[in-house]
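> requesting a structural model of the entry that follows:
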Amino acid sequence: MVYQLFSPMKGTSTGIVDQYCNTALVQAVLITICYILLFYAVDLGTKIFHFHFKSKIAKFYKPAILLIGLLLFIPSLGRKMIEMKIPDYFHELQTASTIYEDYFVEPSDVEITFPEKKRNLILIYMESMETTYASVEDGGGKPVEYIPELVELANENISFSDRQGFGGAYSMYGTDWTMAALLATSTGATYKFPFDGNSSGNYEKYLPGIVSLGDILQQEGYQNYFMCGSDAQFGGRRDFYTQHGNYEILDYGQAVERGVVPEDYFEFWGIEDEKLYQFAKQELEEISKEEVPFNFTMLTVDTHHPDGYHCQLCEETYPTQYENALRCASKQAVDFVEWIQQQPWYENTTIVITGDHISMKADFWDDIGDYRRKTYNCFINCAAENEDENTKERIFCALDLFPTILGSINVKIEGNRLGLGTNLFSSQMTLSEEIGFEQENNELKPYSAYYFNHFIVN
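Coordinates of the predicted model:
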């Protein structure tokens with residue numbers, strides 16, 4: 001919440017704004033109007049009955065109404081603050097952790113070796129894609145199967161799991177919204193808001209001291225691309241990708257400029273995934289003609305809360321729009337993968353699909369029992385050593401995908417750790433496995449002097 005307050009609002013979905021206006025804003029305005037009317041009604045009543053300036057009671061009615069309003073408001077505010085964990089947040093700012101000093105591996109401190117023939121990378125972040133959407137029979141948490149195509153794709157390829165069957169990555173503190181997830185999977189670090197007394201760090205630069213996946217690939221001669229169907233400025237994505245890896249940004253504005261959609265076209269967050277995949281195919285056909293290896297990173301959007309997006313490809317299989325959007329997203333992603341596999345450059349290309357974070361749709365989980373929600377992952381056409389080993393019964397999170405993505409394109413990492421992440425293709429224990437997931441999660445919450453001094457004010 002704090003991060004978003006200080007981030008650009010440009011590019012926000014109209015659905016998110018509408019939801020706020022129709023719920024929180026409307027309630028606040030109505031309550032305020034009722035309170036004002038009550039205040040003036042009592043004031044008018046005192047005048048009508050000649051209480052004004054005469055009755056001893058009259059001079060107390062306004063303070064009394066204000067006091068009643070405060071007594072109603074303060075408990076409600078307190079409950080909301082607790083629900084949003086605001087006291088916990090301020091407590092975390094007053095405590096400190098040394099997890100970065102103790103465990104963070106700077107990429108510059110270890111040897112990172114690329115193969116002689118560098119592989120292309122296509123990295124697909126699927127909005128809010130969880131293993132939970134699979135049926136209980138297939139290893140998910142739902143009584144029905146919403147993502148059969150993605151489950152089959154994971155079972156046919158490499159998919160890291162917390163169990164023997166279909167599973168995924170645990171949701172770690174500081175990685176559970178889109179920009180934080182992009183950061184975690186690209187740097188092995190969580191997002192920590194840059195507070196240090198009265199200093200706020202250098203906001204003109206996005207974590208200038210951190211080394212990302214894009215930085216490493218750019219140094220090795222890769223051309224980096226980031227594609228999304230919304231305005232890339234939202235949430236600081238443009239700043240991050242342009243400053244770390246010099247990515248070419250292909251967002252909603254570029255889709256309009258390049259004729260993918262008309263100038264007046266705007267759906268959901270900009271363009272829906274159907275148009276996004278068309279845009280991706282168009283660009284990949286051109287990118288693949290270049291003589292340098294490429295990293296093509298894209299972010300889907302149709303499964304975003306509150307209700308997802310229902311495009312012309314979606315069928316009415318389930319009762320709600322969100323359910324149908326999930327199924328449609330599953331089909332479209334696998335269709336896109338199959339298109340890539342038919343291209344002449346596929347042989348030297350690795351595809352990675354991962355959910356960015358677990359869904360924020362709060363009213364969709366009553367039927368999952370004690371199932372622990374996790375994000376989806378699938379690695380296709382890898383070139384990692386021992387790629388069929390160490391994939392099951394792993395406790396891992398988004399931080400571990402940073403070195404694992406490099407491992408999937410046959411990059412050798414000294415010690416198999418980068419940032420706070422571990423290359424899952426190796427036998428090296430993840431930090432969650434070494435010190436326990438709960439301890440790691442708790443250690444990531446407090447203030448970190450290392451994080452501030454090395455990444456923010458560098």
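
> show me what contacts the closest residue to Glu347 other than its chain neighbours?
Excluding its sequence neighbours, the residue lying closest to Glu347 (CB to CB, 6 or more residues apart in numbering) is Asn381, at 7.9 Å. The way it works is simple: take the backbone N, C-alpha and C, and place the C-beta from them, glycine included. Counting by CB atoms under 8 Å, 6 or more residues apart in numbering, Asn381 touches 157, 341, 346-347, 349-351.

> include secondary structure and pLDDT when you put the residues you listed into a markdown table, please.
Below are the contacts of Asn381 laid out as a markdown table (DSSP: H, G, I helix; E, B strand; the rest coil; pLDDT from 0 to 100):
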| residue | secondary structure | pLDDT |
| --- | --- | --- |
| Asn157 | coil | 96 |
| Gln341 | helix | 98 |
| Tyr346 | helix | 98 |
| Glu347 | helix | 97 |
| Thr349 | strand | 98 |
| Thr350 | strand | 98 |
| Ile351 | strand | 98 |
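
> just the buried ones from those, in PyMOL syntax?
Selecting only the buried entries of these in PyMOL, with 16 or more other CB atoms under 10 Å as the criterion:
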select buried, resi 157+346+349+350+351
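
> turn the contacts of Asn381 into CSV, columns for distance to Ile112.
Conversion of these to CSV gives the following (distance: CB to CB, whole Å):
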residue, distance to Ile112
Asn157, 25
Gln341, 28
Tyr346, 25
Glu347, 24
Thr349, 20
Thr350, 16
Ile351, 21
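
> do a quick rundown of the strands in the stretch 301-450 of the chain.
Assigned by DSSP state E, counting those that start in this stretch, the strands in the stretch 301-450 of the chain fall at 349-355, 377-380, 412-413, 417-418, 421-422.

> can I get those strands in TSV with distance to Thr430?
Formatted as TSV, the strands of the stretch 301-450 of the chain follow (distance: least, CB to CB, whole Å):
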stretch	distance to Thr430
strand 349-355	16
strand 377-380	14
strand 412-413	14
strand 417-418	9
strand 421-422	4
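
> most tightly surrounded among these?
strand 421-422 (a mean of 30; mean count of other CB atoms under 10 Å).

> for that strand, name the packing helices and strands.
helix 401-408 (3 or more CB pairs under 8 Å, 6 or more residues apart in numbering; DSSP states H and E).

> what does the helix it packs on rub up against?
Taking CB under 8 Å, 6+ apart as the rule, helix 401-408 contacts 112, 121, 123, 158, 160, 169, 184-188, 213, 216, 350, 352, 354, 377, 379, 382-384, 387, 413, 416-419, 421-426.

> next up, the contacts around the most centrally placed residue in the chain.
Compute the mean C-alpha point of the chain, and by CA atoms, centre = their mean the closest residue is Thr178, 2.0 Å away. By CB under 8 Å, 6+ apart, the contact list for Thr178 reads 125, 127, 235, 237, 299, 356-357.

> next, format those residues as CSV and append pLDDT.
Putting the contacts of Thr178 into CSV (pLDDT from 0 to 100) gives the following:
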residue, pLDDT
Tyr125, 98
Glu127, 97
Gly235, 84
Arg237, 93
Leu299, 98
Asp356, 97
His357, 96
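
> list the ones among the residues you listed that fall in helices.
Arg237 (DSSP state H).

> export the contacts of Thr178 as a markdown table, with columns for neighbour count.
As requested, the contacts of Thr178 are arranged in a markdown table below (neighbours: other CB atoms under 10 Å):
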| residue | neighbour count |
| --- | --- |
| Tyr125 | 23 |
| Glu127 | 25 |
| Gly235 | 23 |
| Arg237 | 26 |
| Leu299 | 23 |
| Asp356 | 25 |
| His357 | 25 |
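
> now for the contacts of Thr178: which two are most distant?
Largest separation among the contacts of Thr178 by CB to CB: Arg237 and His357, giving 14.2 Å.

> where do the helices sit along the stretch 51-200 of the chain?
58-83, 86-94, 99-103, 148-156, 178-187 (DSSP state H, counting those that start in this stretch).

> quick one: closest of the ones you listed to Phe266.
helix 178-187 (19.4 Å).

> got the angle for the closest one vs strand 349-355?
Taking axes from the mean of the first three to the mean of the last three CA atoms, to 10 degrees, helix 178-187 and strand 349-355 form an angle of 140 degrees between their directions.

> tell me the mean pLDDT for helix 178-187?
When pLDDT is averaged along helix 178-187, the result is 96.

> ok, stretch 373-384 next?
Here the average pLDDT along stretch 373-384 is 95.

> isn't Asp239 up against Tyr206?
Yes. In this structure Asp239 lies within contact range of Tyr206 using CB atoms under 8 Å: 4.4 Å.

> quick revisit: now the contacts of Thr178 as JSON lines including distance to Lys85?
Output for those, formatted as JSON lines (distance: CB to CB, whole Å):
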{"residue": "Tyr125", "distance to Lys85": "25"}
{"residue": "Glu127", "distance to Lys85": "23"}
{"residue": "Gly235", "distance to Lys85": "20"}
{"residue": "Arg237", "distance to Lys85": "25"}
{"residue": "Leu299", "distance to Lys85": "26"}
{"residue": "Asp356", "distance to Lys85": "21"}
{"residue": "His357", "distance to Lys85": "17"}
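
> can you tell me which of the contacts of Thr178 lies nearest to Ile82?
His357 (22.8 Å).

> need the contact list for Gln282.
258, 260.

> so it, which of the three states?
Here Gln282 takes the helix state, with states given by DSSP: H, G, I helix; E, B strand; the rest coil.

> Trp269 is in contact with His304, correct?
Yes. His304 lies in contact with Trp269 (CB under 8 Å); the separation is 6.9 Å.
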